[in-house]
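Engineer: build me a model:
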Amino acid sequence: SVLNICVRHACTMVLLPRFDAAAALDLVERHGITRISAVPTMLIGMVEDPDTGRDLSSVSQVVSGGSALPQEVLRRFEAKFPRATILEGYGLSESTSSVAVNVSREERRVMSIGKPLWGTECRVVDAEGHLLGPGEDQVGELLFRGPTIMKGYYRNPEATAATLVDGWLRTGDMGYRDEDGFIYVVDRKKELILRGGYNVYPREVEEVIATHPAVSEVAVVGRPHPSLGSEVVAVVSTRPGMSVTPAGVIEHAKVSLAAYKYPREVVVVDSLPKTATGKIRKRDLATTLAEPASPDSGWPTAQDYVLHRFGHVDPDGIRARFARGEVVAADGTALTPTTPLGVHDDLWYYRDVPDEAPLPVTHTLLHRDEHLVVIHKPHFLPTTPGGRFVQETALVRLRNELGLDDLVPLHRLDRATAGVVMFS
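Structural biologist: Numbering: from 1, shown residues only. Have a look, this model is predicted:
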């Protein structure tokens, strides 16, 4: 479609045999390029390239597609290219061209792929094919219909029948529309991570991690987990001259994400695997991470976690209790200051509560002296170790501070089957 536009309007097109950020920026300055079409990893490369005083003021418009554009990348790119406006669009091989795009800075919605192009229609449907209305909570599969949609896959009627339904192209991408008709892609349907019964959309996690000042690129994938189904893993590369630790990335993500969403493991690499067009090969990362995580996989320690959540109470006392072996998991396992948190699943989840399904309740910790309870996504509140229920004032405080309206005390919770950390 880019070639056709240039031919139609008699524009000069400058091509690179293979993308290289420095070479691309040199061409921008040499030819006074006004418009760029690129995938997000190319934009990241141009942002990360050391500034050598090039004149980049000619660039006025950038069309980004191929994969989701992190908001932080948009911000940094437009800061480096003072006159540029990034317009995100969307298309597939099966649509032969773009089917939706933001058309101008004035009309764009950041994080949106824009509105359908002329003659193209879009639907959002649930798993049963029912039409969904507008709203962030109405996430479903995106379907498109219009003059550019393919007729079918060559000599593959089965695949065609599965992808084209009554003239509508099933994209396999999950998203929603707002009240004004702008479309937002949440993630690929196949890349959705089901963690402990909760849906985790990798793009949401990636958006948060991308705001870390040392992170250049990030991809979030699922790793098989024996009890959760999948665990959230982030693979990151760093900006030139900067470094980051797995624990630092995890702490950064925890500030903005619900407990079940932030990654429990972070892998730092020199660069992420990419296709010839610059898209991150998430399938390769998922294959590499197919084996269960090892104890040294980058989780923060149990002591780090307790200090993070309860350090305001008595940090020195917490460290002393860890040093004396007075902090134990629900199964009685003593936790040392260096115990990787992820090794003990019972630190994170209730299990096999009688008469109830296993509860995906994370970050539950009981401090016997202070009766403190931190539950990020709870359905039930446990008792304290001594058998006393958390006082109503604490329940109200949790509701007010964490916005939780569905807290229900769970009577006679068996400590042996509950995933709690407690001070002995």
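Engineer: give me the neighbour count for R108.
Structural biologist: Counted with other Cβ atoms under 10 Å, the neighbours of R108 add up to 18. (Glycine included, C-beta is placed from N, CA and C.)
Engineer: wait, V268 sits on A234?
Structural biologist: No - in this structure, V268 is not within contact of A234 by Cβ atoms under 8 Å, at 9.4 Å.
Engineer: please enumerate the shared neighbours of the two.
Structural biologist: Residues touching both V268 and A234 (Cβ atoms under 8 Å, 6 or more residues apart in numbering) are V249.
Engineer: got a pLDDT number for T238?
Structural biologist: pLDDT recorded at T238 is 95.
Engineer: that one contacts V244, correct?
Structural biologist: Yes - assessed by Cβ under 8 Å, T238 is found in contact with V244 at 5.4 Å.
Engineer: how far away is T120 from G181?
Structural biologist: Note on T120: its distance to G181, by Cβ to Cβ, to the nearest Å, is 12 Å.
Engineer: between V268 and A234, who's got more neighbours?
Structural biologist: A234 (26 against 18).
Engineer: now the more buried one. Nearest residue, chain neighbours left out?
Structural biologist: P263 (4.1 Å; Cβ to Cβ, 6 or more residues apart in numbering).
Engineer: burial check on the one you found, number of neighbours?
Structural biologist: Residues lying near P263 (other Cβ under 10 Å) number 30.
Engineer: can you list the buried residues in stretch 68-78?
Structural biologist: Applying a neighbour-count criterion of 16 or more other Cβ atoms under 10 Å, one finds A68, L69, P70, E72, V73, L74, R76, F77, E78 buried in stretch 68-78.
Engineer: among those residues, which are in helices?
Structural biologist: E72, V73, L74, R76, F77, E78 (DSSP state H).
Engineer: ok, the second one - contacts?
Structural biologist: So the one you mean is V73. Contacts of V73 were listed using Cβ under 8 Å, 6+ apart, and they are P40, L43, I44, V47, A210.
Engineer: among those, name the ones in helices.
Structural biologist: Counting by DSSP H, the contacts of V73 place P40, L43, I44, V47 in helices.
Engineer: could these go into TSV alongside neighbour count?
Structural biologist: Listed next are the ones in helices among the contacts of V73 as TSV, based on neighbours: other Cβ atoms under 10 Å:
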residue	neighbour count
P40	24
L43	24
I44	24
V47	21
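Engineer: mind listing the strands for the stretch 151-300 of the chain?
Structural biologist: Here the stretch 151-300 of the chain has its strands, by DSSP state E, counting those that start in this stretch, at 164-165, 168-177, 183-188, 193-195, 198-200, 215-225, 229-238, 265-268.
Engineer: in terms of secondary structure, what does the third one contact?
Structural biologist: Strand 183-188 makes packing contacts with strand 168-177, helix 202-209 when contacts are defined by 3 or more Cβ pairs under 8 Å, 6 or more residues apart in numbering; DSSP states H and E.
Engineer: do that again at 6 Å, thanks
Structural biologist: strand 168-177 (3 or more Cβ pairs under 6 Å, 6 or more residues apart in numbering; DSSP states H and E).
Engineer: then the last one?
Structural biologist: For strand 265-268, the contact count by 3+ Cβ pairs under 6 Å, 6+ apart identifies strand 229-238, helix 246-256 as packing neighbours.
Engineer: could I get the first one in PDB with only the CA atoms?
Structural biologist: In this case it means strand 229-238. Only the C-alpha atoms of strand 229-238 are listed here, as PDB (Å, rounded to 0.1, in the frame of the first residue of the first chain):
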ATOM      1  CA  GLY A 229      -1.700 -22.800  33.900                       C
ATOM      2  CA  SER A 230       0.700 -20.000  32.800                       C
ATOM      3  CA  GLU A 231       3.000 -17.600  34.500                       C
ATOM      4  CA  VAL A 232       3.700 -14.100  33.200                       C
ATOM      5  CA  VAL A 233       7.300 -13.700  32.000                       C
ATOM      6  CA  ALA A 234       8.800 -10.500  30.600                       C
ATOM      7  CA  VAL A 235      11.800 -10.500  28.300                       C
ATOM      8  CA  VAL A 236      13.500  -7.100  28.000                       C
ATOM      9  CA  SER A 237      16.500  -5.400  26.400                       C
ATOM     10  CA  THR A 238      18.100  -2.300  27.700                       C
END
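Engineer: which residues sit against that strand?
Structural biologist: Contacts of strand 229-238 with the rest of the structure, by Cβ atoms under 6 Å, 6 or more residues apart in numbering, involve 193-195, 200, 209, 214-223, 225, 244, 263-269, 271-272, 285, 289.
Engineer: tell me which residues in that strand are buried?
Structural biologist: S230, E231, V232, V233, A234, V235, V236, S237, T238.
Engineer: ok, now how distant is the fifth one from V103?
Structural biologist: A234 sits at a distance of 33 Å from V103 (criterion: Cβ to Cβ).
Engineer: same question, the third one
Structural biologist: For V232, the distance to V103 under the criterion Cβ to Cβ works out to 35 Å.
Engineer: with the second one instead?
Structural biologist: With the distance defined as Cβ to Cβ, E231 ends up 40 Å from V103.
Engineer: mark which of the contacts of strand 229-238 are buried, thanks.
Structural biologist: When neighbours are counted using 16+ other Cβ under 10 Å, those contain these buried positions: 193, 195, 200, 209, 214-223, 225, 244, 263-268, 272, 285, 289.
Engineer: quick one on the thing from earlier: and which of the ones in helices among the contacts of V73 is nearest P116?
Structural biologist: P40 (21.7 Å; Cβ to Cβ).
Engineer: residues contacting that closest one?
Structural biologist: Going by Cβ under 6 Å, 6+ apart, P40 touches S64, S67, L69, V73.
Engineer: can you lay out those residues as JSON lines showing distance to D187 and pLDDT?
Structural biologist: As requested, the contacts of P40 are arranged in JSON lines below (distance: Cβ to Cβ, whole Å; pLDDT from 0 to 100):
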{"residue": "S64", "distance to D187": "17", "pLDDT": "95"}
{"residue": "S67", "distance to D187": "10", "pLDDT": "88"}
{"residue": "L69", "distance to D187": "13", "pLDDT": "92"}
{"residue": "V73", "distance to D187": "17", "pLDDT": "94"}
